[in-house]
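> here's a sequence, model it:
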Amino acid sequence: MNDTVGEFAVEVPFTVGARLAEARKAQSLELADIAARTRVPLRHLQAIEANDLTALPAIPYSVGFVRAFAQFLGLDAAAFAREFREEMSGGTVERVAPAPFEPADPARVPSRFLVSVAVVLALVLAGGYAIWRSGVFTGSDDDMAVASTASEAPAPPPAVARPAVAAPASAPVAGPVVLTALEPVWLRVSDAGGTRLLEKNMLVGETWQVPATATEPKILTGRPQALRVTVGSTVIPPLGAPERTIRDVSLKADALLARLAPPAAPGAAPVPVVQPNP
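Numbering: from 1, shown residues only. Model prediction:
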């Protein structure tokens with residue numbers, strides 16, 4: 001028999017952090033330098049490389065750290081962020097690595113004909129058992145008794161339709177308006193008089209609270225998806241489409257909470273009440 005060793009693929013876990021560490025070492029970079037350049041805490045970069053998910057903050061912040069890490073290394077930041085989100089959400093990301101494996105001895109492997117016959121016999125037996133269990137040919141006394149009882153039972157009276165009453169939705173409680181950067185993002189916030197309350201590049205995890213005394217505060221940014229807006233403990237939906245510039249969008253608490261209100265439903269026709277025949 002030929003002693004040549006073939007290669008078969010076996011699946012081994014290869015986390016996002018391990019791949020980032022490998023790319024960093026290939027470029028002879030130090031984590032401390034990357035932390036200083038990206039403004040991501042060093043302990044979080046170390047936790048990412050070690051795949052220590054328990055040492056990381058909430059998913060949005062951790063995903064932002066991975067995106068900044070991968071972008072600094074010149075990698076596909078969006079793909080790495082997406083895979084890391086799956087890892088933190090409980091998914092498993094696996095890569096295939098080659099491993100040597102000696103092929104089996106052909107003398108010990110059953111012939112193709114025997115394998116085919118065994119498969120056909122297994123299918124025939126499985127099909128016969130399924131037909132026997134279904135009772136297609138034999139039927140059963142229990143089935144006949146149930147059918148007879150169902151045919152003799154009187155028909156129930158028609159139900160009276162009642163209009164559904166919607167439960168009142170609890171109104172969200174207002175509170176301070178806070179902007180949190182999920183990704184690096186530039187933004188400007190101005191009041192009604194044109195005074196700039198904020199204009200800067202926010203880093204991942206950085207927060208800013210809209211002053212309660214601000215008059216008609218409005219925001220301008222080109223990456224609304226990179227901001228998490230909250231009013232008190234209420235999370236507001238994104239202020240615009242991803243990578244689309246928004247301007248003069250109100251940051252007042254009542255205007256933001258109004259985005260949570262469902263659209264008004266069209267007037268519904270009254271539901272007729274069906275009375276049973278005497």
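> for Ala70, what are phi and psi?
When read as degrees, to the nearest 10, the backbone of Ala70 gives phi -70, psi -40.
> burial count for it?
By other Cβ atoms under 10 Å, 23 other residues sit near Ala70. Any C-beta I mention is one placed from the backbone N, CA and C, and that applies to glycine too.
> what does the model give the nearest residue to it once chain neighbours are set aside for pLDDT?
Ranked by Cβ to Cβ, 6 or more residues apart in numbering and with sequence neighbours excluded, the top spatial neighbour of Ala70 is Phe80, at 3.9 Å. In this model, Phe80 is scored at 95, pLDDT.
> regarding Phe80, what is its secondary structure?
With DSSP: H, G, I helix; E, B strand; the rest coil as the basis, Phe80 sits in helix.
> which stretches of the stretch 101-250 of the chain have low pLDDT?
Counting by pLDDT under 70, the stretch 101-250 of the chain contains low-confidence ranges at 101-111, 132-173.
> show me what counts as buried in the helix ranked longest in the chain.
The helix that spans the most residues within the chain, counting by DSSP state H, is helix 112-134. Using 16 or more other Cβ atoms under 10 Å as the test for burial, helix 112-134 gives no buried residues.
> follow-up on the earlier one: who touches the residue nearest to Ala70 in this structure?
Applying Cβ atoms under 8 Å, 6 or more residues apart in numbering, we find Phe80 in contact with 16, 19-20, 66-67, 69-70.
> okay, strands next: where are they in the stretch 1-150 of the chain?
6-13, 94-101 (DSSP state E, counting those that start in this stretch).
> how is this protein divided into domains?
The chain is divided into the following domains under automatic domain parsing: 6-99, 177-258.
> can you redo the ones you listed as JSON lines with distance to Ala118?
What follows is the domains of the chain, written out as JSON lines (distance: least, Cβ to Cβ, whole Å):
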{"stretch": "domain 6-99", "distance to Ala118": "24"}
{"stretch": "domain 177-258", "distance to Ala118": "55"}
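> to Tyr129, which of those domains lies closest?
Across those, Tyr129 has its closest neighbour in domain 6-99 (34.4 Å, Cβ to Cβ).
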